[in-house]
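>>> output the structure for:
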Amino acid sequence: MVLARPEVGTRARGTTARGSAARLGLMVLPVAFFAVFFAWPVLSIVGRGLKSGEDWRLGRLGETLSRPEILDVLWFTAWQALASTALTLLIALPGAYVFARFDFPGRTLLRAVVTVPFVLPTVVVGTAFLALVGRGGLLDELWGLRLDTTAWAILLAHVFFNYAVVVRTVGGLWAQLDPRQEEAARVLGASRFEAWRQVTLPALGPAVAAAALMVFLFTFTSFGVVQILGGPAYSTLEAEIYRQTADLLDLPTAAVLTMVQFVAVGAILALHAWTVRRRETALKLVDPARTAHRPHGAGQWALLAAVLGTVALLILLPLGVLVERSFDTSGGYGLGFYRALQGVDDSGGTFLVPPLEAIGNSLQYALVATVIAVVVGGLAAAALTRRAGRLVRGFDALLMLPLGVSAVTVGFGFLITLDEPPLDLRASWILVPLAQALVGVPFVVRTMLPVLRAVDERLREAAAVLGASPLRAWREVDLPLVRRALLIASGFAFAVSLGEFGATVFIARPDRPTLPVAVARLLGRPGELNYGQAMALSTILMVVCAVALLLLERIRTDRTSGEF
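All right, here's what the predicted structure looks like:
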């Protein structure tokens with residue numbers, strides 16, 4: 001019988017203990033960040049709405065949720081989210097297959113282009129569709145057809161916004177499924193459809209479910225699109241929270257709606273986490289370079305043409321109309337609206353500075369927010385690398401909550417909580433990057449975590465046995481392997497921070513507006529000049545996002561990095 005040497009067992013226990021301590025140490029900063037800048041503002045808003053003096057008024061829940069107008073908001077929020085999700089899957093799944101399995105000229109460029117709408121602020125998405133289907137838009141000019149202030153405009157804008165979620169989440173996995181499994185089923189007598197249904201579809205199921213849940217989450221909490229395209233007739237929970245908070249100052253109603261949205265988002269994220277775990281553990285994947293091929297046969301060329309036509313109509317046309325409207329002045333095509341961005345409006349008070357300064361403000365804010373998001377998200381992803389118990393899984397879910405909890409509530413909560421020393425930040429510029437970083441952290445975590453988990457654990461163990469501290473092991477082992485994923489995570493955090501609107505609309509100072517806030521303010525004022533300047537600013541923001549995404553595509557590894 002061979003006995004283990006005592007020092008080996010002691011060393012193993014010491015390594016495990018150091019690993020647990022390192023994980024807890026890595027979680028300290030992310031937990032503190034979310035506690036101070038997310039949980040505290042949200043709970044403060046809810047508390048102010050549901051408390052009367054020192055007493056809790058929980059009866060307000062029933063009173064608010066029984067009001068007919070609130071029931072209408074809840075019904076429309078759920079209905080349009082379900083309809084948007086179904087329509088997005090119907091339109092985007094063929095695109096996911098084409099981008100995953102077909103190799104054609106311009107695929108990398110087109111993949112970046114279809115992702116542009118996802119990182120644009122929703123207010124710009126609404127602006128693009130307003131230029132297409134609104135009053136004086138392309139459809140109105142050609143056929144007298146207007147879809148703004150209708151549910152169809154909202155649904156189409158949501159498909160436009162979420163198309164990339166399905167293409168990247170489902171297509172990223174589809175590209176790594178071994179096609180030989182489906183070919184083997186066909187050799188055994190299955191038809192092409194039966195082979196796909198019995199082999200490929202079950203493997204794709206978790207990814208399709210994850211994409212559907214994310215689309216449902218983004219449309220359930222839709223704000224900017226509904227504000228611009230829905231008009232007074234349509235309101236989602238997020239839009240109603242904004243109206244109750246900013247316009248009516250009815251904090252009790254806003255607090256109740258925030259709690260309803262919080263519960264719904266928590267359930268969606270729990271389901272999403274379950275589907276992601278299934279996708280990570282149930283499949284053996286291959287190099288995507290081995291699965292892509294040139295289209296062959298009339299059917300595949302027809303499918304490619306149909307997907308390219310869909311992308312042209314659904315993605316490129318709204319973006320193209322947005323650009324066209326930014327040059328279409330009353331005196332003909334020119335740079336008049338862009339030149340007007342350099343001037344100060346003396347008639348109103350919409351801006352205290354030239355709108356053009358919003359570009360520099362947004363870039364500065366987004367860079368700072370990216371640094372914060374990468375530090376916080378990187379530490380969180382490193383802590384979550386080793387699968388653990390409920391505590392760590394709960395921490396993972398916490399990091400995703402800012403994607404679904406009302407950004408309006410967070411922004412207003414910043415104003416009423418961060419107003420006393422040592423955190424009196426109301427007059428500080430740092431408020432905006434902090435709010436933007438809250439949205440960027442989930443993208444950093446979701447991009448970094450699968451790559452970190454793919455690092456061979458034996459490499460870390462070998463480094464630990466040789467005496468390396470957890471920090472040195474991470475620097476020497478993990479960092480060289482995940483450097484590209486880190487760059488991709490940084491790029492997504494930058495693009496998402498650049499477009500954050502829900503919270504920023506409350507906390508951006510009048511003398512330092514961001515691009516999305518400037519666009520919303522311009523659209524809120526009548527006149528051709530304001531409308532044209534909004535289109536010009538939206539075009540600039542779109543170009544910046546497109547350039548960032550093209551750079552990301554150039555540094556992507558062959559394997560998909562994370563979920564995006």
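>>> packing partners of the strand or helix carrying residue 117?
With elements taken from DSSP states H and E, the one containing residue 117 is helix 107-119. In this structure, helix 107-119 packs against helix 68-101, helix 151-174, helix 297-311, helix 479-499, helix 528-555, with contacts taken as 3 or more C-beta pairs under 8 Å, 6 or more residues apart in numbering; DSSP states H and E. To be clear about C-beta, it is placed using only N, CA and C from the backbone, and glycine gets the same treatment.
>>> looking at those, which is closest to residue 452?
With C-beta to C-beta, the closest approach to residue 452 among these belongs to helix 479-499: 6.0 Å.
>>> quick one: mean pLDDT for that closest one?
Within the predicted structure, the mean pLDDT of helix 479-499 is 80.
>>> what lies in contact with the helix or strand just after it?
Tracing the chain past helix 479-499, the next element assigned as helix or strand by DSSP H and E is helix 504-507. When contacts are taken as C-beta atoms under 8 Å, 6 or more residues apart in numbering, the neighbours of helix 504-507 outside the stretch itself are 246, 408, 411-412, 414-415, 431-432, 435-436, 514, 516-517, 520.
>>> buried deepest among the helices and strands packed on helix 107-119, which one?
By mean neighbour count, with neighbours taken as mean count of other C-beta atoms under 10 Å, helix 151-174 ranks first of these at a mean of 24.
>>> any idea how far residue 381 is from residue 139?
44 Å (C-beta to C-beta, to the nearest Å).
>>> so the two - more neighbours on which side?
Set residue 139 next to residue 381 and count neighbours by other C-beta atoms under 10 Å: residue 381 wins out with 31 against 16.
>>> which residue packs closest to the more buried one, ignoring adjacent ones?
Taking C-beta to C-beta, 6 or more residues apart in numbering, and ignoring the residues beside it in sequence, residue 381 has residue 448 as its nearest neighbour in space, at 3.9 Å.
>>> which residues touch the one you found?
Listed by C-beta under 8 Å, 6+ apart, the contact set of residue 448 reads 377-378, 381, 482, 485-486, 489, 562.
>>> nearest to residue 261 among those residues?
Each of the contacts of residue 448 was checked against residue 261 using C-beta to C-beta; the closest is residue 377, at 23.2 Å.
>>> would you mind measuring from the closest one to residue 432?
Using C-beta to C-beta, one obtains 18 Å as the distance from residue 377 to residue 432.
>>> one more: residue 466?
Here the criterion is C-beta to C-beta. By it, residue 466 lies 45 Å from residue 432.
>>> looking at these two, which is more packed in?
For residue 466 versus residue 432, neighbours defined as other C-beta under 10 Å are more numerous around residue 432 (29 against 9).
>>> ok, back up a step: so the residue nearest to residue 381 is in which element?
Counting by DSSP H and E, the element that carries residue 448 is helix 431-453.
>>> next helix or strand past that helix?
Following helix 431-453 in sequence order, the next helix or strand is helix 457-465 (DSSP H and E).
>>> show me what that following helix is packed up against.
In this structure, helix 457-465 packs against helix 6-34, helix 470-473, with contacts taken as 3+ C-beta pairs under 8 Å, 6+ apart.
>>> avg pLDDT for that helix?
The pLDDT scores in helix 457-465 average 72.
>>> per-residue pLDDT, residue 285?
The model reports residue 285 with a pLDDT of 60.
>>> same deal with residue 9?
pLDDT for residue 9: 50.
>>> my guess is residue 315 contacts residue 160. True?
Yes: Residue 315 sits in contact with residue 160 when judged by C-beta atoms under 8 Å, with a separation of 6.5 Å.
>>> residues shared between the contacts of these two?
Listed contacts common to residue 315 and residue 160 are residue 117; contacts here mean C-beta under 8 Å, 6+ apart.
>>> list the contacts for residue 400?
Each residue near residue 400 by C-beta under 8 Å, 6+ apart is listed here: 269, 272-273, 442, 445-446.
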